[in-house]
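K.L.:
Curious how this folds, go ahead:
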Amino acid sequence: LLLEDNPSIRAITLGHGHILVGTKNGEILEIEKSGPITLLVQGHMEGEVWGLDVHPHLPLCATVSDDKTLRIWDLSPSHCMLAVRKLKKSGRCCCFSPDGKSLAVGLNDGSFLIVNSDTLEDLVSFHHRKEHISDIKFSPGSGKYLAVASHDNFIDIYNIMNSKRVGICKGASSYITHLDWDKR
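P.N.:
Numbers count the residues shown, from 1 in each chain. Okay, the predicted model is just below:
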């Protein structure tokens, strides 16, 4: 049972032939292309699920929320939580690297971190912005670059291989809510 009949959607992703949706009530729904909706989990302790991404190769997904946790979920029929890690701030977005070995997490204080997706241990962290990180995406293919959108109206580009910021996209008249890479 959903906590509300029509909960607000806070995160959405497509993977493994299904659409996954995170709601403001901490629920994760799976929507099949044919239409049926399944409530997978009601797992975050409080607040909204803001970030959600599907592992590129395994039946797993990652979520972040206002409860200051990063969680890894099994998408097989058991739908259990496999791992949880406490964050210093509330999570706003997350993204697996193309090889699935790393997971980038944007936080509500303008910082972000990249963790090992198996152990959830920090690999690197950055804090170049003051407002929350609204979206984060690895570049297609090798995942060499990471684009980080913030409510400071910037998109920062990082080279993951040397852990340096290599570009700043500026000039937006309002905050950036979503971003994606051109796959060409």
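
K.L.:
What is the least confident helix or strand in this structure?
P.N.:
Every helix and strand in the chain was compared by mean pLDDT, DSSP states H and E; the lowest is strand 37-42, with a mean of 71.

K.L.:
which element follows it toward the C-terminus?
P.N.:
Using DSSP states H and E, the next helix or strand after strand 37-42 towards the C-terminus is strand 49-54.

K.L.:
Which residue ranges make up each domain of the chain?
P.N.:
Domain ranges of the chain: 1-86, 91-184, per automatic domain parsing.

K.L.:
Dump those to JSON lines, plus mean neighbour count.
P.N.:
C-beta here means a position set from N, CA and C on the backbone, and glycine is covered the same way. Formatted as JSON lines, these follow (neighbours: other C-beta atoms under 10 Å):
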{"stretch": "domain 1-86", "mean neighbour count": "17"}
{"stretch": "domain 91-184", "mean neighbour count": "17"}
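
K.L.:
least reliable of these going by mean pLDDT?
P.N.:
Mean pLDDT is lowest for domain 1-86 among the domains of the chain, at a mean of 81.

K.L.:
starting at the chain centroid, how far to it?
P.N.:
Chain-centre distance of domain 1-86: 11 Å, with C-alpha atoms, centre = their mean, to the nearest Å.

K.L.:
I figured residue 81 was touching residue 70, is that so?
P.N.:
No. Counting by C-beta atoms under 8 Å, residue 81 stays clear of residue 70, with 11.1 Å between them.

K.L.:
Does residue 117 touch residue 102 like I think?
P.N.:
Yes. Using C-beta under 8 Å, residue 117 makes contact with residue 102 at a distance of 5.9 Å.

K.L.:
what's near enough to touch residue 169?
P.N.:
The neighbourhood of residue 169, defined by C-beta atoms under 8 Å, 6 or more residues apart in numbering, consists of 154-157.

K.L.:
Let me know the closest of these to residue 127.
P.N.:
residue 156 (11.1 Å; C-beta to C-beta).

K.L.:
and that closest one, bridged to which residues?
P.N.:
Beta bridges link residue 156 to residue 148, residue 168 when assigned by DSSP bridges.

K.L.:
Now for it: which residues touch it?
P.N.:
Applying C-beta under 8 Å, 6+ apart, the residues contacting residue 156 are 128-129, 147-148, 150, 165, 167-169.
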